[in-house]
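Trainee: Any chance you could fold what I've pasted below:
(chains A and B)
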Amino acid sequence: MNTQGKSFKYPDNVDTDVIIPARYLNTPNASELALHCMEDIDADFVKNVKAGDVMVAGWNFGCGSSREHAPLVIKTCGVGCVIAKSFARIFYRNAINIGLPILECEQAAKEISAGDEVTVDFDTGVITDITTQKSYKAQPFPDFIQNIIKKGGLLNSLKEGKAND
Amino acid sequence: MGMTMTQKILASHAGLDSVVAGQLISAKLDIVLGNDITTPVAVNEFKKAGFNSVFDKDKIAIVLDHFVPNKDIKAAEQSKTCRDFACSHCVSHFYDVGKMGIEHALLPEQGVVTAGDCIIGADSHTCTYGALGAFSTGVGSTDMAAGMATGTAWFKVPSAIKFNLSGKLPSNCSGKDVILTVIGMIGVDGALYKSMEFTGEGVRDLSMDDRLCICNMAIEAGAKNGIFPVDEITLKYLEGRSERKPAVFEADADAEYERVIDIDLSKITPTVACPHLPENTRAASELHGVKIDQVVIGSCTNGRLEDMEAAYKILNGKRVADGIRVIIIPATMQILRECVERGWYTAFIDAGAVVSTPTCGPCLGGYMGILASGEKCVATTNRNFVGRMGHVDSEVYLASPHTAAASALTGYITEYKEEK
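Mentor: Here you go, the predicted structure:
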């Protein structure tokens, strides 16, 4: 499994209120919500993002509100992976639970520039910046979490676990 | 090796004698919580996964609080989704308009959560209940759905930072000034993935409302949970309230902490978090030049009775400054009723404030006090992110009820000083 696309670069402490402002949370409909993804800090994001693109951010990405709508709109916009120096814990959990690939890699998050063409190999955790010809190795997930991702999210993994009981 | 208080609660709920930081466990849940924003997503996931029953109707709490009374048609649809789900699964702790309050003020008040519990809630401020000596943490809607179906959740056992409190708070300070000071010290990711364990002789002089406020904002330092030891104040609070018997856990004497931070409460001063992060703290006294347009006193952080009392004491018999909109939101119906009975409601109106029924409304820029471009607000809420309370060019200054009420009277950020 992998993704390839253009990089969208963001700073430290991107909170879930800017990923999807609460004023739109009067609907659980992901495609409707996705129209407003990142609009408070990057009004052109939704216009420019294409399937497979990657978000590259600093420390503590996804801090603040626990709204699962945040990873959901990023995924719905077609983003193939979020690379950050670190993730806020509820966002981290939610991304895994809904099947949005995320990787922690300080060096990659620091060095990849906005607009670079990036590929990510999820099996090996290798991130390659095609524009600069540099490769990075992200922290691998613990086996337990890899299992949730492989099963396509928490509820699928639970269902499968039930079937095996 | 000894365990922290949090680790002990987790071990007990995982059926293990001991756990260590970093261990992945599956723990039994005492309460699974959701609100009108997060529950509809959870209901959707619950149904999609093919679950048709909840693990225990008495251990699920659904509180309509963010956008109620419904702010628009879409919000009404979301409330309806929650209502239908709660009704069809006979959820005992379902709180609709008239009964509802802001979830993190309501659940402790109603005795739904208690000491020793293991709680998840699809709301980041679920960490509030650590004040009662419970392990309580915010999760997303999928975790809520899984929790409602199975009664369990997976956790990575957290390491901890110990905050050793001593001394007594000055009378113009409250729990809010403590937690803002702490976040200013360690930063918005200073406790990422960790527990914040508050302990020390200073605890005994912190009221339950102070403790609830402090634990409420643990998430603003990135923490998994905040927690206080169970003492006489806790037990007195829980008495006659708690539906289940409280279970008391104590940290082992040889528990390991990543860091120990000493805080002398007597040195705390009125503190304000400036835009656009809760870690941008300054002394209120340094911000006197900042002119404001609005004041909000309420939220899951500071909408409790002591917060209302602080506002009353400062606003009673006075008038808010010209041009300042002051919005006061008692967090639960019981607190609202107390405000009416004690004459505080009238005093607020006479001072020129408006008083609303309980809602999260303005805190997250939902409704009931949205800011226009360029406007500034002093709020007793918990987040001052870009666009949090309205326009992306508006600004939120986080402060205590004392500072917010004193600022309402002057129209500028103002440190409250007791009148001689």
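
Trainee: which stretches of the stretch 301-420 of chain B form helices?
Mentor: All helices of the stretch 301-420 of chain B, identified by DSSP state H, counting those that start in this stretch, fall at B:305-315, B:333-341, B:344-351, B:401-410.

Trainee: Get me the contact residues on chain A for chain B.
Mentor: Within chain A, the positions adjacent to chain B are A:13, A:15, A:17-18, A:21-23, A:25-28, A:40-41, A:59-60, A:63-69, A:71-72, A:86, A:88-90, A:93-94, A:97-98, A:142, A:144, A:153-156, A:158-159 by Cβ under 8 Å from any Cβ of the partner chain. For every residue, glycine as well, the C-beta is placed using N, CA and C.

Trainee: Single out the most deeply packed of the helices of the stretch 301-420 of chain B.
Mentor: helix B:401-410 (a mean of 27; mean count of other Cβ atoms under 10 Å in any protein chain shown).

Trainee: which residues does the residue lying closest to B:Leu169 once chain neighbours are set aside contact?
Mentor: Counting by Cβ to Cβ, 6 or more residues apart in numbering or on different chains, the nearest residue to B:Leu169 once its immediate chain neighbours are dropped is B:Leu265, at 4.8 Å. Residues near B:Leu265 by Cβ atoms under 8 Å, 6 or more residues apart in numbering or on different chains: B:Leu165, B:Ser166, B:Gly167, B:Lys168, B:Leu169, B:Val178, B:Gly202, B:Asp205, B:Leu206.

Trainee: Could you double-check that the second one lies in contact with B:Val203?
Mentor: Put plainly, it is B:Ser166. No: with contact defined as Cβ atoms under 8 Å, B:Ser166 does not reach B:Val203; the gap is 9.5 Å.

Trainee: Looking at those two, which is more packed in?
Mentor: B:Val203 (20 against 15; other Cβ atoms under 10 Å in any protein chain shown).

Trainee: ok, back up a step: narrow the contacts of B:Leu265 to those in strands?
Mentor: B:Leu165, B:Ser166 (DSSP state E).

Trainee: Show me just the buried residues among the contacts of B:Leu265.
Mentor: For the contacts of B:Leu265, a burial check counting by 16 or more other Cβ atoms under 10 Å in any protein chain shown picks out B:Leu165, B:Lys168, B:Leu169, B:Val178, B:Gly202, B:Leu206.

Trainee: Farthest pair within those residues?
Mentor: Farthest-apart pair in the buried ones among the contacts of B:Leu265 is B:Lys168 and B:Val178; separation 11.6 Å (Cβ to Cβ).

Trainee: Can you tell me how far B:Ala61 is from chain A?
Mentor: Distance of B:Ala61 to chain A, computed by Cβ to the nearest Cβ, to the nearest Å: 15 Å.

Trainee: swap in B:Ser174?
Mentor: 23 Å.

Trainee: Phi, psi for the closest residue to A:Asn156 other than its chain neighbours please.
Mentor: Leaving aside its chain neighbours, A:Asn156 sits nearest to B:Ala49 (7.6 Å; criterion: Cβ to Cβ, 6+ apart). Backbone torsions of B:Ala49, given as degrees, to the nearest 10, read phi -80, psi -10.

Trainee: count of neighbours near B:Ala49?
Mentor: B:Ala49, neighbours per other Cβ under 10 Å, totals 19.

Trainee: returning to that earlier point: output the helices of the stretch 301-420 of chain B as JSON lines; include the columns distance to A:Met1 and mean pLDDT.
Mentor: Below are those laid out as JSON lines (distance: least, Cβ to Cβ, whole Å; pLDDT from 0 to 100):
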{"stretch": "helix B:305-315", "distance to A:Met1": "50", "mean pLDDT": "98"}
{"stretch": "helix B:333-341", "distance to A:Met1": "50", "mean pLDDT": "98"}
{"stretch": "helix B:344-351", "distance to A:Met1": "57", "mean pLDDT": "98"}
{"stretch": "helix B:401-410", "distance to A:Met1": "50", "mean pLDDT": "98"}
